Each structure stands twice: as C-alpha cells, then as structure tokens.
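S.K.: fold the following and give me the result.
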Amino acid sequence: MIAKQVVMKSVSKSSIDGLVKYLTDEQKKNERVGAETVTNCQSDDPQVAVTEILNTQAQNVRATSDKTYHLIVSFRPDEQPGDLALRAIEAQICEGMGYGDHQRVSVVHHDTDNLHLHIAINKIHPTRYTIHDPYGDYMVLGQLCERLEREFGLEVDNHQAQRSGSENRAEDMERHAGVESLLGWIKRECQEEIKNAQSWVELHTVMHNNGLEMQERGNGLVIVDGSGFGVKASSVARDFSKSKLEQRLGVYEAMTTQLGGKRVESGCRYEQQPMQSRINTAELYARYKTEQGEVSVSRSSEWNKAIERKNGFIEAAKRQSQRKRSTIKAIKGAGLGKKLLYAATSNKLKGKILKINTQYLKERQEIYDKYQRLAWADWLRVKATEGDKSALDALRAREASQGLKGNTLAGKGILGPLDGQTGQDSITKKGTVIYRVGKMTVRDDGHKLQVTRGINQADLETVLALAIERSGNRIIVNGSADFKERIAQAAAGAKLPITFDDVAVERRHQELLLVIKEKTNNGQERQGRTTDQFRHSDLNRRRNEPAASIDTGRTVVASPTAPGRKFLGKPNIGRIGRRPPPQSQNRLRGLSELRMVHFARRSEVLLPGDVPDNVELQGAKPNNELRRNLSGAGLAGQDAADKYIAEREAMRLKVSDIPKHRRYHDDDTGAATFAGIRQIGGQSLALLKRNEEVVVMPIDDATAQRLKRVAISAVVTVRQNGSIGLKGRGR
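M.R.: Residues are numbered from 1 along each chain as shown. Below is the predicted model of the structure:
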C-alpha cells in the first residue's frame, strides 16, 4: 500500500472541478470508475459537491497556493480490498493528515494493474475558511500506511524515503513512460568512470567522451547532454556535489577548449530509447518516432488552418461592423441617437468576436485531442487496443510487467485473446487485457486469467469453458480456498471435461461430480415411480375400481360382484425384483435368510462407506449417549465462542472481505474446510468454513493438539456426536 500526493506545479491549472471530472470520467470503459464517496458536503453527487467546494474555496481570498490536495492510495496487484475497507482506509488517512473535517471526493479506479483510490480534498476548512497544508506529509503518510497495513492485513511496503525527488521523478518516468531517463542512463553507463576521475581535466574528458558536459549552475553543478537536457550532479550521486568534488579534486575548474589526458571516442551518447526489454523493440520504436513526427506536423497544420479561419471570421465581422458605422454616420439626426446606435454596433461586434474565439478554442482542443503526442508506453497501449499483437507483446515484455497473482487460472500455454461471450474493456501498460464476462471481471496477461470482481457460478463456467478452448483441459488453479471451491463447483455443475493440477481441487471436483450423478439418478428414479403410479391408477380407473386410502400396505377396493361390499385386496408389491423384501430394505440381514438381495436402483448400491450402517454383526457398537462430546466445552466454551464471534463481526463492519462467523449447531455435520484454531481465555476454538460462513466450535485440548497437525484448507468431517474426523485417521 502506497499513498502519494500529486503536486500541481502551476496553481493556475489547479481546479477541483477539472480533477473531479477526470476522476469520474469512465473514458468509455466499464472497469474504470468504482465506488464514489463524497464526505462533509450537503450532496452525495460529486458534481454538485464540486459547486459547494468551489464556494468554500472562494471564501479564502488570501491563500495564493494550491487549494486542492490530490492524494492517490495504491495497492498491490493481488490486493482487492472491498468498498467498506477502502472507505475506512480513506477516512483514517484523511483524519491522520488533518483533513477529517474538510470536504472531499473519493473515487476508486480499476482500469490499471493496481487498484487505486483518488482523494480530492479541499484544503480550505468549511467553517473557519483557513487553509491547511500539512508539513512533511510524506512522513505522515508513511506512518499511516504502516499502521493501516497491519490493521487490514495488507502486504508491507517500504515507506522510508531513500531517494531524492529528482530520482523518484526519473524512476516514475521510466516506469510509466517506458523510456530511459538521462539520470538513469548516467547512473548505468558512466557513473563509475566519473567517480574514478582524479582531476577536473580527467573528469571533463570522461564527460566529453560520453557526450556530456559538467557546468556550474547557481551554487552547484549540473550535467548537460548535447540536446540541452540536464540533471543536478548531486542527483546522480551525493559524491558528485560541488562541495564533495572540490574536497577531492580541488577548486572547480571549468572545461577548456583543449582537454588534457587521453581522449577516447566511445561513441556512447544518451538518446531517448525504450527501457531494456525481453524482446527487440527497435522496429516498433522507429514506427513510434515516425508517427509522432507526423502527428506534430499534422497538428501544426490544423492549428494554422483554425487560426486562419478565426482571423477570417473576425475580419468579416469587423468589416460588417464598419459598414454599419458608415451607415450610422450618414444618418442625419440628433447625436444622442447616433451614440446609442454606435454602442449597440460595438457591443454586437464584441459578442461576435467572443463567439468566434470560443469556437476557435473548442476547435483547438479537438485538434489537440486528435493529434496528441503519446509517451512510448501509451502509444503501445493504444496500438495493442487496436489489435496490434507486436505492441501487446512489447508491453508484456517490459521489466515492470510481472505475472498475475491472486485468484488465477492457468493452462499449458494460453494463446490469443478471449472471445465468445467476452468483451474487451481496456489494456493496461503492463499488457494485461481486462475483459467483461457477464458481470464478472477477468484479467489476462497471456499466461494466466485472474478473476477479480463479481465472481458468480454462471460466469465462472463460461471462463472455464473458454480456458479449455485456449489451453486444453488441464487447468492450474491458484488463489483462496473459497475460489478453489467455487471453481470445483463450476466445473462439476457444467460437467466440463476438465482436470485440475491441484490434487485437492481435483478430489473435490470428483466428489461433486459423484453427488450430482447420484442426484440425477434419484431424480430419474422418482420420475419412473411417478409414471408407474400413474399407469396403475389409470388401469384402476378403466376397470371402475377406484383405489381407496392406503393404510396398512393393503388396498381396499370395491367388489365388482357385490356392490357396497369391500374387502382387503393383495398388497401392491410392484414388479418382482424391483425392491427387496421389507425385512431387508436398505440393509443386509443374515445370508442364511436370503440367498440374494437385489437392489434395482443405482442409488441403493452399497458402497464401502455404507457397510458399517447396512451390515449387522460388525462388532460392538459404541454407546455415544454416555460418551463425553469431544468438541463440547460447556458454558466456558460457548462464552469464548461468543466473544470471538463478536470481535470478528465488529471487524467485518470495517473489512468486507471477512466472512460471517457464527456458533456451532448440532446440524452442522458433514464435510467442512478447516480454517484454523484460536485461543480465547484459555479455551480452544476450531474454525470450520461452510457455505461462505465460518463455524466457531469449542474443542478440548486433545482435539486442539490433534488439529494442530492439520493443514489450513484441509477437508475435515464433523460427526453426529460433535467430534471432528480426518480422512485416513481414527479418532
């Protein structure tokens, strides 16, 4: 988590109105603007709140600095805090910076590789109308981020300043624009040579051989290249400051025409080139330079044409106004009337000129937007959006590009873009393609598919089907236990021909397939029984033998020979062999009593797990009525569980990602996911995840000691007596 202020160097360009318009502009993307929050304003609408903020800023006429504080809070690629967590983080940061009572607008953006939060804060207090500009805000932001990382369980970042401002700006340019900076080039190419120079002449020689020049500027030194770009010498290294160099080399000596020492024409010169990449981008960069040159020429030509049109319209308006003045001058009459006519003509001319200039500014902005120069990384992103595969490969080959993390799906070489039921939303500077699959957001880096927002069963089935088409039916799943469970359910529900590399996921997948198969067979069996009953009823109706109510297994029917008399008919046993005799229903008795028991329905086939329940004489049966419940812990255990649940539910109000916690009930039997052990007041509690909820179960010390050897996310079984069983282990 990183929090950083965006400084507006020109106060005239600072505008809360323009900033909020930029933050809330979707830019024809579905995945750009997320939650919008307005604080300390009368309206929850950001645009209406801007008017209120502008009115508040107008109350302070003494402040000449920027009245808007723009803050960005960025998270790691695999971190996706919920809306409630983001709101809590925003509130605590603003409170810690001293802006708790100030008006602000916060907007979440999802269109980059890192989820980030923009906060536009009014520096003018809403009641005192004083300006607040925190001193040393970068240190305060670092301390706040460290505390929030611990509180919300975020990955820890370094918040101690280790570089100067110029170094940070150079690194930001290289990362975002994708082009090598002069400062970075000097550090990588000739810093050691400069450091090894033993005299001013030798130092100037090294500079000259690398196409550089060291000059005095104010009280310090700067290093300038041949095109006029310069950086402070102390920004390259602290040892290159004027004071440090004079301590080592003596009083500063400017470069003379005749350089002493041995000159070596290395041919090493700084040029703006793409940062080092895993592929050769020379051809792409040549295309980029050519297109940008054409853009500059076209933009200048269009601007000149717009200026000519504007000047022509103004000249025409002035000529028309002059003709009117001549006409007024020729009129004979009182001077007062002529003055009014002259004033009306002048006002009309001013109105026309204002309208012409307004139209010109609009055309100029349209031309600028049409022929806007782009940074290297932005140009690659635009070309990749247009379908240029080489540009997309160049984005993905940058050093800054890393694999997706979190809830991901991968196969043996995912190739090409997604198609079918997907819609491409945008492409990031790291080459991550953002898709919309139904209501779900999917990110594709060429190797993995990351599922971020709006996870649901139907859309997961679609993504799995598309992943199979692209990379085969062997899929690698990474992420949380809940995501893996959903993937297994989606694959089983859609009956996809898929195999998972994760043994646990594949085992769960097969279990779900078996459950679905049994439910299907049971449904078909019930449908068959319903059909047989209908046929039997129809046969009775045709014979005028209406069936009476069934009470004891025998059917009472009317006698066809003696009206009014009733007798007991034969039991309706159905087709012979369809069901076993009553004494052997759903179990096996002594083999001496029955030579064979035939189960016609597949759902009644005995499995190994059914033997202890369906075969008698298996040994002594435990009397659980007198046995102490292993998981029971009395009133102390229930109190500890209630205390822990209350703590987690209170935290869930701040962090939406925390699941609901509740107490263990007697009907919470069957398979569950083991989520850990907690100690509350000396009482051990087992956490079991079931159906998006965490069941808190008090356990004794022996059970807690046994569960410490169980891995998190392992599948356990809760028995009827309240004990916890593990596959392949005894009690």
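S.K.: pLDDT weak spots in this structure?
M.R.: Filtered on pLDDT under 70, the chain yields the residue ranges 161-163, 257-267, 334, 399-402, 412-422, 524-634, 654, 656, 727-731.
S.K.: count of neighbours near the residue lying closest to Leu687 once chain neighbours are set aside?
M.R.: Closest residue to Leu687 apart from its sequence neighbours, by Cβ to Cβ, 6 or more residues apart in numbering: Ala675 at 3.9 Å. The way it works is simple: take the backbone N, C-alpha and C, and place the C-beta from them, glycine included. Residues within reach of Ala675, counting by other Cβ atoms under 10 Å, total 19.
S.K.: helices or strands up against the strand or helix carrying Ala675?
M.R.: Assigning secondary structure by DSSP states H and E places Ala675 in strand 670-680. Where contact means 3 or more Cβ pairs under 8 Å, 6 or more residues apart in numbering; DSSP states H and E, strand 670-680 is packed against helix 634-652, strand 683-690, strand 693-699, helix 701-707, strand 715-718.
S.K.: in that strand, which residues are buried?
M.R.: 672-675, 677-678, 680 (16 or more other Cβ atoms under 10 Å).
S.K.: ranges for the strands of the stretch 401-550 of the chain?
M.R.: Assigned by DSSP state E, counting those that start in this stretch, the stretch 401-550 of the chain shows strands spanning 408-410, 422-427, 433-437, 440-444, 448-451, 474-478, 499-500.
S.K.: quick check: phi and psi at Ser68.
M.R.: Small correction: residue 68 is Thr, not Ser. phi -120, psi 130 (degrees, to the nearest 10).
S.K.: I'd guessed it sits against Met8; true?
M.R.: Yes - if you go by Cβ atoms under 8 Å, Thr68 and Met8 touch, sitting 7.5 Å apart.
S.K.: more crowded one of the two?
M.R.: Set Thr68 next to Met8 and count neighbours by other Cβ under 10 Å: Thr68 wins out with 22 against 16.
S.K.: not counting sequence-adjacent ones, nearest residue to Val442?
M.R.: Once flanking residues are discounted, Val442 sits nearest to Tyr435: 4.6 Å by Cβ to Cβ, 6+ apart.
S.K.: hey, what's that neighbour bridged with?
M.R.: Gln424, Val442 (DSSP bridges).
S.K.: for Asp444, see how far away it is.
M.R.: From Tyr435 over to Asp444 the distance is 7 Å, taken as Cβ to Cβ, to the nearest Å.
S.K.: pairing partners for the strand holding Ala675, with directions?
M.R.: strand 683-690 (antiparallel), strand 715-718 (antiparallel).
S.K.: quick one: buried residues of the following helix or strand past the last one?
M.R.: What that stands for is strand 715-718. Towards the C-terminus, the helix or strand next in line after strand 715-718, according to DSSP H and E, is strand 724-726. Residues 724, 726 are the ones in strand 724-726 that count as buried (16+ other Cβ under 10 Å).
S.K.: touching, Gln273 and Glu180? I think so.
M.R.: Yes - counting by Cβ under 8 Å, Glu180 is a contact partner of Gln273 at 5.6 Å.
S.K.: neighbour count winner among these two?
M.R.: Neighbour tally, Gln273 and Glu180, criterion other Cβ under 10 Å: the higher count belongs to Glu180, 21 against 14.
S.K.: state the number of residues packed around Asp393.
M.R.: Using other Cβ under 10 Å, Asp393 has 18 other residues around it.
S.K.: other residues contacting stretch 13-31?
M.R.: Contact partners of stretch 13-31, identified using Cβ atoms under 8 Å, 6 or more residues apart in numbering, comprise 8, 32-33, 36, 46-47, 49-50, 53-54, 57, 66-68, 70, 105, 107, 109-111, 118, 120, 122, 425-426, 434, 436, 441.
S.K.: repeat that for 7 Å
M.R.: For stretch 13-31, the external contacting residues (Cβ atoms under 7 Å, 6 or more residues apart in numbering) are 8, 32-33, 36, 46, 50, 53-54, 66, 68, 70, 105, 107, 110-111, 118, 120, 122, 425-426, 434, 436, 441.
S.K.: distance from that stretch to the middle of the chain?
M.R.: Centre-to-centre, stretch 13-31 and its host chain are 19 Å apart (Cα atoms, centre = their mean, to the nearest Å).
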